[in-house]
Structures are given as structure tokens and as C-alpha cells.
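Chemist: kindly generate the corresponding structure for this input.
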Amino acid sequence: MIPSRLICIPIAIETGGMYFRELWTSLSEPEQDFLEYLITEETPHPQNKSTVRRLIRKKILKKTGDCYRFQVPLVETFITQMVTEW
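Modeler: The predicted structure follows:
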């Protein structure tokens, strides 16, 4: 039996697709680049701290110790899909 959360995540992304696409397109290119780097690299080192501060202020990222993490798992899942489909 497949856990219900694994079924619900794709449905939530599909249903909220317009929101997630709007969120992505509202980000600046440096913000998108950093999020892509966060998805594809183990330890991102931001070159532009103001970019990271903006992502934290927009509630997309949170700082946990020395790491940056996505604040909302669905946003992380959507951006991961965006990055891996390119």
C-alpha cells in the first residue's frame, strides 16, 4: 500500500500548479539560480547574501544552523521537479 502522503503530494502540486509557477516566475534570476544550486549541490555557499536574505524574507528558505533549507516541503518538491525536468 502506498502511503497517502506520497499520493497527495503530486495531486497538491498539480492542483496548485499555477501558484507554484507564479512563485517561480516571481523570483529573480539570482534567486532561481540559488534554489537550483540548493537542489543540485550538497552544500551551497551563497555568493550573494542579499539573495539568500530575500529568499528567507519571502518565506521560501529558512536557516538551520549553517544550512539553508526550504521552509515548505511542497515548494521544494515543485522546484526539484522544475530543475530536474530542464
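Chemist: if I've got this straight, Lys62 is in a helix?
Modeler: No: looking at Lys62 with DSSP: H, G, I helix; E, B strand; the rest coil, it is strand, so not inside a helix.
Chemist: count of residues packed around it?
Modeler: 13 (other C-beta atoms under 10 Å). Every residue, glycine included, has its C-beta placed from N, CA and C.
Chemist: which residues touch the host helix or strand of Glu31?
Modeler: If you go by DSSP states H and E, Glu31 is part of helix 29-40. For helix 29-40, contacts defined as C-beta atoms under 8 Å, 6 or more residues apart in numbering pick out 24, 27, 44, 46, 48, 51-52, 54-55, 60-61, 68, 70, 76, 79-80, 83-84.
Chemist: kindly recompute the last result at 7 Å.
Modeler: Trp24, Pro44, Pro46, Asn48, Thr51, Val52, Arg54, Leu55, Tyr68, Ile79, Thr80, Val83 (C-beta atoms under 7 Å, 6 or more residues apart in numbering).
Chemist: can you show me the CA trace of stretch 57-71 as CSV?
Modeler: C-alpha atoms of stretch 57-71 as CSV (Å, rounded to 0.1, in the frame of the first residue of the first chain):
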residue,chain,number,x,y,z
ARG,A,57,12.2,37.1,3.9
LYS,A,58,9.9,35.6,1.2
LYS,A,59,9.5,32.5,3.4
ILE,A,60,11.0,30.2,0.8
LEU,A,61,14.1,29.3,2.8
LYS,A,62,15.0,29.1,6.4
LYS,A,63,18.4,28.9,8.0
THR,A,64,19.0,25.8,10.2
GLY,A,65,22.5,26.0,11.8
ASP,A,66,24.9,26.6,8.9
CYS,A,67,22.5,25.2,6.3
TYR,A,68,19.7,26.7,4.3
ARG,A,69,16.5,24.6,3.8
PHE,A,70,13.2,25.0,2.1
GLN,A,71,10.6,26.2,4.5
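Chemist: thanks a lot, catch you later.
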